[in-house]
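J.: Predicted model, plus sequence, below.
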There are 2 protein chains.
Amino acid sequence: MMLKYPNGKPYKPKNEAPKIRTKKNKDFSYSNRGKTLEEEINETNAYYLSRQIAIIHKKPVPIQIVKVEYPKRSAAVIREAYFRTPSTTDYNGVWNGYYIDFEAKETESTSSFPLKNVHEHQITHMKNVVNQQGITFTIVRFSKLNRYFLLPFSVLYEAWCNMKEGGRKSIPIETFETKSYEIIPGYNPRIDYISIIKNYICNKEC
Amino acid sequence: MMLKYPNGKPYKPKNEAPKIRTKKNKDFSYSNRGKTLEEEINETNAYYLSRQIAIIHKKPVPIQIVKVEYPKRSAAVIREAYFRTPSTTDYNGVWNGYYIDFEAKETESTSSFPLKNVHEHQITHMKNVVNQQGITFTIVRFSKLNRYFLLPFSVLYEAWCNMKEGGRKSIPIETFETKSYEIIPGYNPRIDYISIIKNYICNKEC
């Protein structure tokens, strides 16, 4: 039942926080909800860099530049350019003497990670990295579940080869739960993948 | 003295190769003269990749994209974008488990390498890489001399700090000859810097 003042306005109990405040609190506790995985990883890398934990950078998007103008007294302006297909993964760098190389992928699915998110050239590149004894993986965010996983290349590659032979076109979340490493998102660093490498992967494989 | 045929045309001895052939031979023996250092290193990296010797890529130039058009039935066109200052070096990757990170610089000087070719952010980045036990250096080409050197970061950093304290603003070629590694250019790979790392740097330091 809604209570009303004599003037007809609805009664609002004093102990109830104003709506805007509730919204703010919600925004605070889920402060990373609106961010893309790329933004979260960039923040994480900035944290690692500032603490000298690891030196990992996102590679710029490759562009084919066709036309550049050089206006007087101001910076050069690119007037015609096209996006090119990258031949590598998005992130790479060095941690503690190890070469680190990874891709970041998001999915809206709550049950599996569709392999159509992965490109042939990325698989080829990651295979090359493994041959050179680098550490390579994919960070997968199940956006709707707010869950993050570090998917080792070996697991991805198995699923990829299986798909190529006519098998399943996605990796079920159960495989992530059993064969990959869940990253519990924090505040700073947000997506602490280096801890996973340190505690799990390098203890076993490095 | 020029000999002539009775019809007035100049006599050309048979054992002299036609001019075009001489030119071709010259082009062959100096076939890399017209190439930039970047092109030579890209070729070298392509060779390493094809032979699975090392996985090294040039990073794309970072661009700030302002306006993109999406014409119907054709690729997206970038209509306004600006060059950004890179925060790292140009090349990185992995060889035999080692993280490799370097910059390539050319100079027209025949006596020294001017440090104005090097940027503060590159020094900072290379220092960070050394702290994480990566291998970092600069490949310097003295274009007029057709000489190439792998300049270890320690030597560059010493000269850089010296300059900051009011010292010399360039590295003399004698320092290259005594404290860095000369790379003798070949055909394939053109600038075989991995051999230098393998034979000299990693024997001593890795």
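T.: Cool, got the structure.

J.: Can you tell me the closest non-neighbouring residue to A:F176?
T.: Of all residues not flanking A:F176 in the chain, A:F149 sits nearest, at 4.6 Å (Cβ to Cβ, 6 or more residues apart in numbering or on different chains). Where C-beta positions appear, they are placed from N, C-alpha and C, glycine not excepted.

J.: Then A:Y70?
T.: A:A76 (5.2 Å).

J.: Tell me where the longest helix sits in chain A.
T.: Assignment by DSSP state H gives helix A:37-50 as the longest helix of chain A.

J.: for that one, packing partners?
T.: strand A:55-58, strand A:91-95, strand A:98-107, strand A:135-142 (3 or more Cβ pairs under 8 Å, 6 or more residues apart in numbering or on different chains; DSSP states H and E).

J.: Could you tell me the angle between that helix and strand A:98-107?
T.: Orientation of helix A:37-50 against strand A:98-107 (axes from the mean of the first three to the mean of the last three Cα atoms, to 10 degrees) gives an angle of 150 degrees.

J.: And the helices in chain A?
T.: Going by DSSP H, chain A shows helices at A:19-29, A:37-50, A:120-131, A:153-164, A:173-179, A:193-196, A:202-204.

J.: Could you measure from the most centrally placed residue in chain A over to B:R190?
T.: Nearest to the mean C-alpha position of chain A, by Cα atoms, centre = their mean, lies A:L37 at 3.4 Å. The spacing between A:L37 and B:R190, counted by Cβ to Cβ, to the nearest Å, is 39 Å.

J.: One more: A:H119?
T.: For A:H119, the distance to B:R190 equals 29 Å [Cβ to Cβ].

J.: ok, which residues in chain A are in contact with chain B?
T.: Where chain A comes near chain B, counting by Cβ under 8 Å from any Cβ of the partner chain, the residues are A:49, A:52, A:54-55, A:57, A:59-63, A:75-83, A:86-88, A:92-99, A:101, A:125, A:128-129, A:131-134.

J.: From those residues, keep the buried residues only.
T.: Those of the residues of chain A next to chain B that meet the buried threshold are A:49, A:54-55, A:57, A:59-60, A:62-63, A:77-81, A:86, A:88, A:92-96, A:98-99, A:101, A:125, A:128-129, A:132, A:134, by 16 or more other Cβ atoms under 10 Å in any protein chain shown.

J.: about what we covered before: need the contact list for the residue nearest to A:Y70.
T.: Taking Cβ atoms under 8 Å, 6 or more residues apart in numbering or on different chains, we find A:A76 in contact with A:V68, A:E69, A:Y70, B:Y82, B:F83.

J.: I'd like these laid out as CSV, including pLDDT.
T.: Formatted as CSV, the contacts of A:A76 follow (pLDDT from 0 to 100):
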residue, pLDDT
A:V68, 95
A:E69, 95
A:Y70, 94
B:Y82, 95
B:F83, 92
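
J.: Could you list which of those belong to strands?
T.: Members of the contacts of A:A76 lying in strands (criterion: DSSP state E): A:V68, A:E69, B:Y82, B:F83.

J.: how about the nearest residue to the second one, chain neighbours excluded?
T.: Nearest residue to A:E69, sequence neighbours excluded (Cβ to Cβ, 6+ apart): A:V77, at 4.8 Å.

J.: State the pLDDT value of that neighbour.
T.: With respect to pLDDT, A:V77 scores 95.

J.: so it bridges to which residues?
T.: A:E69, B:Y82 (DSSP bridges).

J.: And A:D192, how close does it get to A:N96?
T.: Distance from A:D192 to A:N96, by Cβ to Cβ: 15 Å.

J.: repeat for A:L151
T.: With Cβ to Cβ as the criterion, A:L151 and A:N96 are 21 Å apart.

J.: can you check A:A159 too?
T.: Using Cβ to Cβ, one gets 29 Å for the distance from A:A159 to A:N96.

J.: Between A:H119 and B:R190, which has more neighbouring residues?
T.: Ranked by neighbour count (other Cβ atoms under 10 Å in any protein chain shown), A:H119 and B:R190 place B:R190 first, with 22 against 14.

J.: Which helix or strand in chain A has the lowest average pLDDT?
T.: Here the helix or strand of chain A ranked lowest by mean pLDDT, DSSP states H and E is helix A:19-29, holding a mean of 41.
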